[in-house]
Structure formats: structure tokens, C-alpha cells
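> Build me a structure from this.
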Amino acid sequence: IPGYLLLVDASGQVSAVEFDASTAAPRGEPLALLSGLGDDILQRAKLAVSQTGTLVYLDGEEVSNRVLVEVDRSGVERVIIDKPGKYLWPRLSPDGTRIAFLEGGLRGGAQLVVFDKRLGSITPLTNSGSNQRASWSPDGRLIAFSSVRDSLTDVWMVPADASAPARPIARGKDVQQHTA
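Residues are numbered from 1 along each chain as shown. Just a heads-up that it's a prediction; the model follows:
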């Protein structure tokens, strides 16, 4: 969120504090937003925030027992997907209408899907590999992700509307990861 810094502590407490970029200093005290934020096996928080201020996060401590939740700027929570599952790395589309996330365990071949908030539908984008770290293109048409296939981790790209299959865009013998 422009002008704010999100803070996540080890217990899963998420807070926001106003941040002055010109002085690189917070203004005021952090405000607690939510607790019980889920994390992955590397203890990284699972949340994303759109430019409009909507925050989505994975709730729950167990990878197999999560629901997908969004929080608006006023702090109102809304469950997006209430069926508990193995949901990882949620990422909001640039326009805030879709959420890309991984479904399935990290070791069991997580697959990339997109949830359309307007239609309430999930569209699978991959059906192979063990996928990680989805990131939207600025125009919302493509999604980049890391994928382990044939014992190699490469960066792949797929149209967000599933109009074409995923294709590798960075390959090599060294592990390839991308960050947004």
C-alpha cells in the first residue's frame, strides 16, 4: 500500500504503519490488522496487497488446512475460498479482480490456478511440475512462476486466461527462481 509498511511477526500478527519514504522512517505506531497468518515451510508470510489496498492472505498454520481470505482497507475480512485446502503464494492481479495461487503441497506438485472474484470460478493454469512463486505481469495478461520439472527449477510463463500452455522462459542447470 503506498505510504504504508506491512509488518509480520513470528506469531503471524500483521500490522501496518504509516511510512515516510523521504526520511525512510515510520510515522506513528503500528496498527494491528490481523493474526493467525499462515506461512510456508520456510516461514515466509503468505499475503499480497493490491494498489487499491485490498489484502489477501492464507489463514491457518497447516498447509493442508487453509482458506483464502481478503481484507479491505477498513479491516473487513471476507472469505474468498472457504473449502480448506493446500493453498500457497496468493497474488492479486494488478486490477484486483483475480487471485493467482498454488493449489497442492510443495512436495506433492503444487499447481497454478487463478480465482476470478467476479465469477467465483477457479481456472487451472498448469497440470504438471511442482510450481512456486506466481507473479502477475503489469497488464494482468501473463503469470510468471518457478517450476521444478525433470529435477530442474526453471522460470515459466502462462497466459492468465489459460488460452495457451505454460512455456519456459529461463532454463539452465542452475536453479532459476524469480521474485516480484
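> ok, residue 34 - contacts?
Counting by CB atoms under 8 Å, 6 or more residues apart in numbering, residue 34 makes contact with 13, 14, 57, 71, 77. All C-beta spots, glycine's among them, are computed from the backbone N, C-alpha and C.
> Repeat the analysis, applying 6 Å as the threshold.
residue 14 (CB atoms under 6 Å, 6 or more residues apart in numbering).
> So what's the residue count around the nearest residue to residue 16 once chain neighbours are set aside?
Take residue 16 and drop its neighbours on the chain: the residue closest to it by CB to CB, 6 or more residues apart in numbering is residue 4, 4.9 Å away. A count of neighbours around residue 4, defined by other CB atoms under 10 Å, yields 16.
> Go ahead and confirm residue 4 touches residue 20.
No - using CB atoms under 6 Å, residue 4 makes no contact with residue 20, being 10.6 Å away.
> neighbours of residue 168, just the number please.
Counted with other CB under 10 Å, residue 168 comes out at 14.
> what residue is smack in the middle of the protein?
For the chain, the residue nearest the mean C-alpha position is residue 90 (2.3 Å; CA atoms, centre = their mean).
> which non-adjacent residue is nearest that residue?
Nearest to residue 90 is residue 101, by CB to CB, 6+ apart, at 4.3 Å.
> Please report how far the one you found lies from residue 89.
6 Å (CB to CB, to the nearest Å).
> Next up, the contacts around residue 15.
7, 30, 31, 32.
> ok, the first one - contacts?
If I follow you right, that is residue 7. Residue 7 neighbours (CB under 6 Å, 6+ apart): 15, 30.
> State the helix or strand in which it lies.
Per DSSP states H and E: residue 7 is located in strand 4-8.
> mind checking how far the next helix or strand after that strand is from the chain centre?
The helix or strand immediately downstream of strand 4-8 is strand 14-20, counting by DSSP H and E. Centroid displacement of strand 14-20 relative to its chain, using CA atoms, centre = their mean, to the nearest Å, is 20 Å.
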